[in-house]
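**Student:** When you get a sec, could you give me coordinates for this:
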Amino acid sequence: MADASPRFLCDVMLARLARYLRAAGIDTTLADATAPDAQILRAAIEQDRWLLTADRGFMLHKAADGHVVQLPFGSLDAQAAALNAQFRIDWTGNAFTRCLIDNAPLVSAGPELARQVPTDVRGLEEELRACPVCGRVYWKGSHYKRMRQRLESWRGAAEG
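**Tutor:** Purely as a prediction, here's the structure:
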């Protein structure tokens, strides 16, 4: 079993999974879509990250052993199950603490950022989080609830 707090680099085929890993609060970057495989693998090794991919070509690299995890293509649930089998993923313990777009840790949103959200959310300023890099503001709306349900189901599958 791998480290309890793995860090990941997802290839572009796993961009949706990267968003869910970030939603779980797991440090996850996304590879440049134009970068060659060798460069992506080198970046994962240099940054001490597991490279997650659905591309079998990565497994042909000599350096892949111990650095690359090949996941099934397509189903997020199957990908999460494969991660659960290899890592101790805490799907909900640090949920919604990272920006879904750029992976930065979120901070409490100040009053100036609170003005950017819909009026029906403005009374929830204490629950608003913001990305200090891109400025995106997050709150517990319907998107949050759907993502939370999926993370909880993956946590349940890991425990059961």
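**Student:** drop to CA atoms for contacts and neighbour counts, all remaining ones
**Tutor:** Fine.
**Student:** ok, now how distant is Val69 from Cys131?
**Tutor:** 29 Å (CA to CA, to the nearest Å).
**Student:** Go through stretch 41-50 and flag the buried ones.
**Tutor:** Along stretch 41-50, these residues count as buried under the neighbour rule (16 or more other CA atoms under 10 Å): 41, 44-45, 49-50.
**Student:** and which of those residues is nearest Leu14?
**Tutor:** Closest to Leu14 out of the buried residues of stretch 41-50 is Trp50 (13.1 Å), distances taken as CA to CA.
**Student:** The closest one and Val69, how far apart?
**Tutor:** Using CA to CA, one gets 7 Å for the distance from Trp50 to Val69.
**Student:** next one: Leu76
**Tutor:** Remark: distance between Leu76 and Val69 (CA to CA) = 15 Å.
**Student:** try Glu152
**Tutor:** With CA to CA as the criterion, Glu152 and Val69 are 23 Å apart.
**Student:** So for these two, which sits in the more crowded spot?
**Tutor:** Neighbour count, other CA atoms under 10 Å: between Glu152 and Val69, Val69 has more, with 22 against 15.
**Student:** Verify the stated contact: the more buried one with Thr53.
**Tutor:** Yes - taking contact to mean CA atoms under 8 Å, the distance of 6.4 Å between Val69 and Thr53 places them in contact.
**Student:** Now the lengthiest helix in the chain: buried residues?
**Tutor:** The helix that spans the most residues within the chain, counting by DSSP state H, is helix 142-159. Residues 147-148, 150-151, 154-155, 158 are the ones in helix 142-159 that count as buried (16+ other CA under 10 Å).
**Student:** for those, which one is nearest Gln86?
**Tutor:** For Gln86, the nearest member of the buried residues of helix 142-159 is Ala158. The distance, counting by CA to CA, is 10.5 Å.
**Student:** before we move on, the earlier item: now render the buried residues of stretch 41-50 as a markdown table, adding secondary structure, distance to Lys140 and pLDDT.
**Tutor:** Rendered in a markdown table, the data for these read as follows (DSSP: H, G, I helix; E, B strand; the rest coil; distance: CA to CA, whole Å; pLDDT from 0 to 100):
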| residue | secondary structure | distance to Lys140 | pLDDT |
| --- | --- | --- | --- |
| Leu41 | helix | 35 | 91 |
| Ala44 | helix | 32 | 94 |
| Ile45 | helix | 35 | 93 |
| Arg49 | coil | 29 | 96 |
| Trp50 | strand | 30 | 95 |
